[in-house]
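1. This is a predicted model, with the sequence first.
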Amino acid sequence: MVHVRVLRGYLLEEAVAWLLRSSGYELLSAADDKEKHPAHRVLEQRHNGLAVRGRGAWHQADALGQFRYVPPFSLPVRLFVEAKFTDQNVKLPTVRNGHGVVHDVNENVVTSVQGAAPSRPRPRYHYSYAIFSTAGFSRDAQEYALAHQISLVDLSMPDFAGLRHLVSTRAQRVHEALDALPAGQRPRVYEIRSHLRRRLLEVSDDYGSFLYGDTVPELPPSVAQPLDDIAGHLNSPQMPGLVLAFPSAPFVLGLASENLYAFVDHARRHPTHTVHLGRLPQAASHPVWRIRPAEDPGAYAMTFSLPQRVESWIRAQEETVNDRARWIKRNVLSTMTVYWQDGDHTLTFQLRYAPVELRQ
């Protein structure tokens with residue numbers, strides 16, 4: 001039977017993938033691969049979930065999605081989402097494994113489908129990898145991720161306390177329900193994940209045909225109820241929202257907000273606007289930063305954390321902390337791009353840091 005620690009990570013992956021939908025992220029299934037010939041397919045449904053073809057091997061993809069927008073001079077972006085719900089920070093092997101997966105998958109390049117007739121162009125994608133952790137990341141893991149553009153998102157911030165509690169308590173209830181069932185009646189992990197994914201789509205009125213397989217059996221009520229609770233709570237106003245921000249840096253920021261729609265309402269009126277950036281004086285695993293609009297600071301507030309390696313550089317010398325934080329604002333966080341999915345339309349917002357001397 002699956003360990004409760006592993007189960008927490010699986011349920012957290014589903015929750016994070018659902019939260020990312022506001023950034024235009026849509027989960028994929030094998031049905032999204034339209035190639036008819038098996039040799040040309042890159043997505044395959046297996047007994048333990050979705051698999052993606054690489055140059056050298058097939059790789060399991062418990063949570064793989066594609067963004068609706070295509071960056072200029074690039075390919076459609078597909079993102080692996082991996083979540084770790086542990087008490088210890090994520091170590092180097094996890095990040096190294098993520099890099100190995102995306103490197104192998106991105107090397108699987110076939111530009112056309114060969115045959116007797118003129119060759120047909122074949123769709124191509126750029127695969128990226130993001131790891132979410134409730135306990136942060138080791139220094140080696142962060143250095144490796146920065147070098148190889150693996151995105152690390154720290155969920156240990158106070159803003160995500162509600163999400164951590166929700167997933168932890170419901171995973172414990174699911175595990176207890178599984179333990180009480182006879183071994184032959186316990187649903188498999190992919191059936192548990194598929195049930196939660198289906199419920200999340202239903203509560204957001206975005207229910208489609210996505211399932212891990214063609215048919216998924218109904219779960220015992222004792223197993224299904226905690227999963228339904230997760231779906232209901234994630235769709236409530238009390239749960240913080242999550243949106244991705246892309247700075248001029250080799251990492252992605254996860255912006256958290258208790259009222260994400262306040263940000264969206266302001267950004268609709270001001271798609272490009274200046275912001276205040278500041279490090280909050282509070283105790284946490286590492287410093288938390290806050291964003292507020294410069295012209296109307298009360299309109300919204302969002303928080304994020306920088307990679308620990310960056311924070312370590314800022315705090316290396318106490319007498320230069322303010323100078324180094326200012327350098328990060330001006331050179332790394334000077335412009336952040338946020339994508340927001342509004343139905344079939346993708347909106348683009350730019351948050352521009354305004355140095356103090358320019359605001360006065």
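-> Happy to help now that I have it. Numbering: from 1, shown residues only.

2. show me where the protein has helices.
-> Applying DSSP state H to the chain gives helices spanning 4-19, 92-106, 139-148, 161-180, 189-203, 221-234, 260-269, 308-314, 321-331, 356-359.

3. list the buried ones in the second one?
-> Right, the one you point to is helix 92-106. 92, 94, 95, 96, 98, 99, 100, 101, 102, 104, 105, 106 (16 or more other Cβ atoms under 10 Å). (C-beta placed from N, C-alpha, C; glycine too.)

4. Confirm for me that the third one is in contact with residue 152.
-> Yes - here residue 95 lies in contact with residue 152, judged by Cβ atoms under 8 Å, at a distance of 7.4 Å.

5. Could you pull out the residues contacting both of these two?
-> Contact criterion Cβ atoms under 8 Å, 6 or more residues apart in numbering; residues shared by residue 95 and residue 152: 131, 137, 141, 145.

6. What sits closest to the first one if chain neighbours are left out?
-> Of all residues beyond its chain neighbours, the one nearest residue 131 is residue 82 (4.9 Å), with distances taken as Cβ to Cβ, 6 or more residues apart in numbering.

7. how deep is the one you found tucked in, by neighbour count?
-> Applying other Cβ atoms under 10 Å, we find 23 residues neighbouring residue 82.

8. can you check residue 31 too?
-> Residue 31 has 13 neighbours, counted by other Cβ under 10 Å.

9. what does residue 228 give?
-> Around residue 228 there are 17 residues (other Cβ under 10 Å).

10. Give me the nearest residue to it, chain neighbours excluded.
-> residue 199 (5.6 Å).

11. Residue 220 now?
-> Of all residues not flanking residue 220 in the chain, residue 181 sits nearest, at 6.5 Å (Cβ to Cβ, 6+ apart).

12. Next, give phi and psi for that neighbour.
-> Dihedral angles of residue 181 (phi, psi; degrees, to the nearest 10) stand at phi -90, psi 150.

13. got any ranges where the stretch 1-150 of the chain has weak pLDDT?
-> Low-confidence segments of the stretch 1-150 of the chain (pLDDT under 70): 110-120.

14. re earlier: my guess is the residue nearest to residue 131 meets residue 94, correct?
-> Yes - using Cβ under 8 Å, residue 82 is in contact with residue 94, at 7.5 Å.

15. Pull up the overlap in contacts between those two.
-> Joint contacts of residue 82 and residue 94 (Cβ under 8 Å, 6+ apart) are residue 131.

16. neighbours of the closest residue to residue 135 other than its chain neighbours, just the number please.
-> Nearest non-adjacent residue to residue 135, counting by Cβ to Cβ, 6+ apart: residue 89, 4.9 Å away. Residue 89 sits with 20 neighbouring residues when counted by other Cβ under 10 Å.

17. Let me see the contact set for residue 89.
-> For residue 89, the contact set (Cβ under 8 Å, 6+ apart) comprises 133, 135, 136, 137, 138, 141.

18. May I see the ChimeraX selection of the buried members of those residues?
-> To isolate the buried members of these in ChimeraX, using 16+ other Cβ under 10 Å:
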select :133,135,136,137,138,141
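
19. With distance to residue 48 as extra columns, can I get the contacts of residue 89 in CSV?
-> Shown next, in CSV, are the contacts of residue 89 (distance: Cβ to Cβ, whole Å):
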residue, distance to residue 48
133, 23
135, 26
136, 28
137, 26
138, 28
141, 26
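
20. quick one: which of the contacts of residue 89 sit in strands?
-> Counting by DSSP state E, the contacts of residue 89 place residue 133 in strands.

21. Pick the one among the contacts of residue 89 closest to residue 4.
-> residue 135 (15.7 Å; Cβ to Cβ).

22. close enough to count as contact, that closest one and residue 94?
-> No - at 11.8 Å, residue 135 does not count as touching residue 94 under the criterion of Cβ under 8 Å.

23. Now for those two: what residues contact both?
-> Residues touching both residue 135 and residue 94 (Cβ under 8 Å, 6+ apart): residue 84.

24. picking up where we left off before, roughly how far apart are the residue nearest to residue 228 and residue 20?
-> Separation of residue 199 from residue 20 (Cβ to Cβ, to the nearest Å): 17 Å.

25. Of those two, which one has the most company?
-> Using other Cβ under 10 Å as the criterion, residue 199 and residue 20 rank with residue 20 on top: 25 against 22.

26. mind listing what that one touches?
-> Here residue 20 is in contact with 65, 81, 242, 244 (Cβ under 8 Å, 6+ apart).

27. Let me know how buried the third one is, in neighbour terms.
-> Other residues near residue 242 come to 25 when the count uses other Cβ under 10 Å.

28. ok so, going back, and among the helices of the chain, the most buried is which?
-> Of the helices of the chain, the one with the most neighbours on average (mean count of other Cβ atoms under 10 Å) is helix 4-19, at a mean of 22.

29. out of the helices of the chain, nearest to residue 338?
-> Residue 338 lies closest to helix 260-269 among the helices of the chain, at 7.2 Å (Cβ to Cβ).

30. I'd like the distance from the closest one to the chain centre, please.
-> How far helix 260-269 lies from its chain's middle: 21 Å, per Cα atoms, centre = their mean, to the nearest Å.

31. just stretch 272-285 next, same as before
-> 21 Å.

32. Let's test this: mean pLDDT of it, rounded?
-> Mean pLDDT, computed over stretch 272-285, is 81.

33. got the contact list for that stretch?
-> With contacts defined as Cβ under 8 Å, 6+ apart, stretch 272-285 is touched by 135-136, 154, 156-158, 266-267, 287-295, 297, 303, 325, 329, 333, 349-354, 359.
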